[in-house]
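Student: here is my input, please return the structure:
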Amino acid sequence: MKKTAIHGVTAQPKGSVMDLRQLSPDLAVSPQILPEDIPQLAAAGFRVLINNRPDDEIEPDIDHEVMAAAAEAAGMAYYYMPFHPGQITPALISEFAGATAGQTPVIAYCRSGNRCTVLWALTQAGKRPESEILETAAKAGYDLSTLRPLLASLANRRN
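Tutor: Numbers count the residues shown, from 1 in each chain. Now for the predicted structure:
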């Protein structure tokens, strides 16, 4: 993956720190970030940090309380929305939609960025064509093709 700049932050090749992947002009997702990355994200203009990684997957030095304190110190709004694999709920989708609809730009992270991308995709159902949602995710490196039936179902309910 080539390096790209998103809101002034250079995204490194996969596996490196700060692997930002832009899904929309106002939303980027990333694999796990560290507390020391947050001031750089704030300086680049990100105003909101969303943590979708459950604390039971990580060490205490990067748990949600540490990340919340770092976000607050950097002047960023912070949302902790743990998304356990396979445990998507309507409330989690709504909460993610609300957090990404306010102040922007937003950076969301989890272990790989996939769960954040899933949440974004589900918030877009009925607003964008399914093929556009899946193509955007694929361009960011996430294969969400298995979500197609759920995207269609949500779109039908919302229209």
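Student: how about the strands in the chain?
Tutor: Using DSSP state E, the strands found in the chain span residues 4-6, 9-11, 21-24, 27-30, 48-51, 77-80, 106-109.
Student: tell me what the last one is packed against?
Tutor: Just to be clear, that refers to strand 106-109. strand 27-30, strand 48-51, helix 90-101, helix 114-124 (3 or more C-beta pairs under 8 Å, 6 or more residues apart in numbering; DSSP states H and E). Every residue, glycine included, has its C-beta placed from N, CA and C.
Student: again, only this time at 7 Å
Tutor: Secondary-structure packing of strand 106-109 (3 or more C-beta pairs under 7 Å, 6 or more residues apart in numbering; DSSP states H and E): strand 27-30, strand 48-51.
Student: pipe those strands into JSON lines and attach mean pLDDT per row.
Tutor: Below are the helices and strands packed on strand 106-109 laid out as JSON lines (pLDDT from 0 to 100):
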{"stretch": "strand 27-30", "mean pLDDT": "97"}
{"stretch": "strand 48-51", "mean pLDDT": "98"}
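Student: circling back: right, so the strands of the chain: which one is the most enclosed?
Tutor: Ranked by mean neighbour count, those are led by strand 106-109 with a mean of 26 (mean count of other C-beta atoms under 10 Å).
Student: quick one: mean pLDDT for that strand?
Tutor: Model confidence over strand 106-109, given as mean pLDDT, is 98.
Student: now do the contacts for I133.
Tutor: By C-beta atoms under 7 Å, 6 or more residues apart in numbering, the residues touching I133 are 121, 124, 151.
Student: can you rerun that using 8 Å?
Tutor: Contacts for I133 (C-beta atoms under 8 Å, 6 or more residues apart in numbering) come out as 121, 124-125, 144, 151.
Student: could you check how far the residue lying closest to M67 once chain neighbours are set aside is from L150?
Tutor: Of all residues not flanking M67 in the chain, N51 sits nearest, at 5.4 Å (C-beta to C-beta, 6 or more residues apart in numbering). Computed as C-beta to C-beta, to the nearest Å, the N51 to L150 distance reads 23 Å.
Student: quick check: which ranges of this protein have low pLDDT?
Tutor: Counting by pLDDT under 70, the low-confidence segments of the chain come to 1-17.
Student: change it to 50
Tutor: For the chain, the stretches with pLDDT under 50 are 1-4, 10-16.
Student: so which residue is dead centre in it?
Tutor: The centroid of the chain falls nearest to A108 when counting by C-alpha atoms, centre = their mean (2.9 Å).
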